[in-house]
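>>> structure for this input, please:
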Amino acid sequence: MDLTPFVGLGDVIFGQCRDTISQNIGTPEKKIALKNLEKWSYRLLRIELSFSHVADFRLTKIVSNHPYTLVLGFNPIGLKETFLIQKFPNLQCTDNNSLEEPSLGLVFVLSRGAVSHVIMCPQKHEQTGEYIWP
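Purely as a prediction, here's the structure:
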């Protein structure tokens, strides 16, 4: 489960359409359709994929809580906040339960003081806010 910042997770690449992802990793166990968003859950892979209406329902977010999730070869799942800060010294608090590493497009969600999820998004153009696909 190697997360590559701004790129994706293995064969799951930001900007891919839903059909391509279904071909690559199969049909999700659960689909949730919201007004401007569709979320797919893969229980065994322990990932959730989001497809945004703004991006023509291309992949715009990956959430992983798999115990063997790797970020740049490093597994943050279960790591206490103090050790996470040592590995990623530029972390910024986003709220009481998460820390963001903006230069990598990552958010580490904390539960009981340890990382429970990693959220990754594609890069966006600084001025226009448009997605920059890998």
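>>> other SSEs contacting the helix or strand of the chain with the lowest mean pLDDT?
Lowest on mean pLDDT, DSSP states H and E among the helices and strands of the chain sits strand 92-95, with a mean of 86. For strand 92-95, the elements it packs on are strand 98-101, judged by 3 or more Cβ pairs under 8 Å, 6 or more residues apart in numbering; DSSP states H and E. In this view, the C-beta of every residue, glycine as well, is placed from N, C-alpha and C.
>>> quick one, helices of the protein?
Secondary structure of the chain (DSSP state H): helices located at 18-25, 81-87.
>>> nearest to Q127, of the ones you listed?
Nearest of the helices of the chain to Q127, taken as Cβ to Cβ: helix 18-25 at 28.8 Å.
>>> same question for the closest one, mean pLDDT?
Here helix 18-25 scores 96 as its mean pLDDT.
>>> ok, residues contacting it?
D11, V12, Q16, P28, E38, W40, Y42, L45, L49, F51, F57, L59 (Cβ atoms under 8 Å, 6 or more residues apart in numbering).
>>> from V12, how far out is the closest residue to the third one other than its chain neighbours?
Beyond its immediate neighbours in the sequence, the residue positioned closest to Q16 (Cβ to Cβ, 6 or more residues apart in numbering) is L59, lying 5.0 Å away. Going from L59 to V12 by Cβ to Cβ, to the nearest Å gives 7 Å.
>>> neighbour count winner among the two?
It is L59, of L59 and V12, that has more neighbours when counted by other Cβ atoms under 10 Å, with 26 against 19.
>>> is the more buried one bridged to anything, and to what?
Here L59 sits in beta bridges with F51, going by DSSP bridges.
>>> test my guess that it contacts I13.
Yes: contact status for L59 versus I13: in contact at 7.2 Å, counting by Cβ atoms under 8 Å.
>>> re the thing from before, kindly reformat the contacts of helix 18-25 as a markdown table containing distance to L84.
A markdown table is the format used below for the contacts of helix 18-25 (distance: Cβ to Cβ, whole Å):
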| residue | distance to L84 |
| --- | --- |
| D11 | 27 |
| V12 | 24 |
| Q16 | 29 |
| P28 | 29 |
| E38 | 30 |
| W40 | 27 |
| Y42 | 25 |
| L45 | 23 |
| L49 | 24 |
| F51 | 28 |
| F57 | 32 |
| L59 | 25 |
